[in-house]
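**Student:** Pasting the sequence and the predicted model now:
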Amino acid sequence: MWLSWKLYRIRSLLLHMQKVSPAIAQSGGYIGGGPKKGDYFCGNPFDAGFREHAHQIPMMIGTVYGEFATFAPAAYDKNKLTAEEILEILKKVYGDNAEKVLDAFKEAYPEKNGVDVLAIDRAMREPTVKLAKLFAKGGGKAYLYNFALNSRSSTASRHGTAPISRISSETQIS
């Protein structure tokens, strides 16, 4: 009963916020959800760039290889899959490109099981690399990491450690 009442109150608050937020924003008010633009924050770095002072402070930014892989455990034991079974699983996601994807993955991560390509963080890695490159292009020192522990688990990836790479404006990262 108590939880139902709490959820009702939260939902009610959110509905009221949705009603008044456009008017507050239109009048120049701050409605939250992120940092407010000002002297210390120019806006999204992809749109506004970085403040001059920011390049004096090294940036360390990175991702976790299997960040979202543990939310839905695999329906198979990856340690018992044959090469043919791995390829069939990958074809369901990558279609005719499955072999190319697998080859590229094995070149980048030779110690990992081929089916682990499905655990790669595809949502956060690309913008993280772009941000590090943008920062380095402006003259700052950017350090990029990827935590990528090889999981002993047969059904899910786990967080781990990996070397940190220095990114310069000339660094080629794919």
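**Tutor:** Yep, it's here.
**Student:** what separates Ser21 from Gly32, distance-wise?
**Tutor:** Applying Cβ to Cβ, to the nearest Å, one obtains 9 Å for the distance of Ser21 from Gly32. Using the backbone N, CA and C atoms, a C-beta is placed for each residue, glycine as well.
**Student:** now Leu131
**Tutor:** Going from Leu131 to Gly32 by Cβ to Cβ gives 23 Å.
**Student:** tell me how far whichever helix in the chain runs longest is from the chain's mean position?
**Tutor:** Counting residues, the longest helix found in the chain (DSSP state H) is helix 2-26. Using Cα atoms, centre = their mean, to the nearest Å, the distance from the centre of helix 2-26 to the centre of the chain it belongs to is 29 Å.
**Student:** Enumerate every residue touching the residue nearest the centre of the chain.
**Tutor:** The C-alpha lying nearest the average C-alpha coordinate of the chain belongs to Met124 (Cα atoms, centre = their mean; 2.0 Å). Remark: with contacts taken as Cβ atoms under 8 Å, 6 or more residues apart in numbering, Met124 is in contact with 63, 67.
**Student:** Run through who's touching the longest helix of the chain.
**Tutor:** Residues from elsewhere that reach helix 2-26, judged by Cβ under 8 Å, 6+ apart: 30-31.
**Student:** Against which helices or strands is the next helix or strand after that helix packed?
**Tutor:** Per DSSP states H and E, helix 2-26 leads on to helix 45-48 as the next helix or strand towards the C-terminus. Contacts defined by 3 or more Cβ pairs under 8 Å, 6 or more residues apart in numbering; DSSP states H and E place helix 45-48 against helix 125-137.
**Student:** pull the CA atoms of the helix it packs on into PDB?
**Tutor:** Listed in PDB are the C-alpha atoms of helix 125-137, where the atom choice follows Å, rounded to 0.1, in the frame of the first residue of the first chain:
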ATOM      1  CA  ARG A 125      32.200   3.700 -27.300                       C
ATOM      2  CA  GLU A 126      31.800   5.700 -30.500                       C
ATOM      3  CA  PRO A 127      30.800   9.000 -28.900                       C
ATOM      4  CA  THR A 128      33.500   8.500 -26.200                       C
ATOM      5  CA  VAL A 129      36.200   8.100 -28.800                       C
ATOM      6  CA  LYS A 130      34.900  11.100 -30.700                       C
ATOM      7  CA  LEU A 131      35.000  13.200 -27.500                       C
ATOM      8  CA  ALA A 132      38.600  12.200 -26.800                       C
ATOM      9  CA  LYS A 133      39.600  13.100 -30.300                       C
ATOM     10  CA  LEU A 134      37.800  16.400 -30.200                       C
ATOM     11  CA  PHE A 135      39.600  17.300 -26.900                       C
ATOM     12  CA  ALA A 136      43.000  16.200 -28.300                       C
ATOM     13  CA  LYS A 137      42.400  18.200 -31.500                       C
END
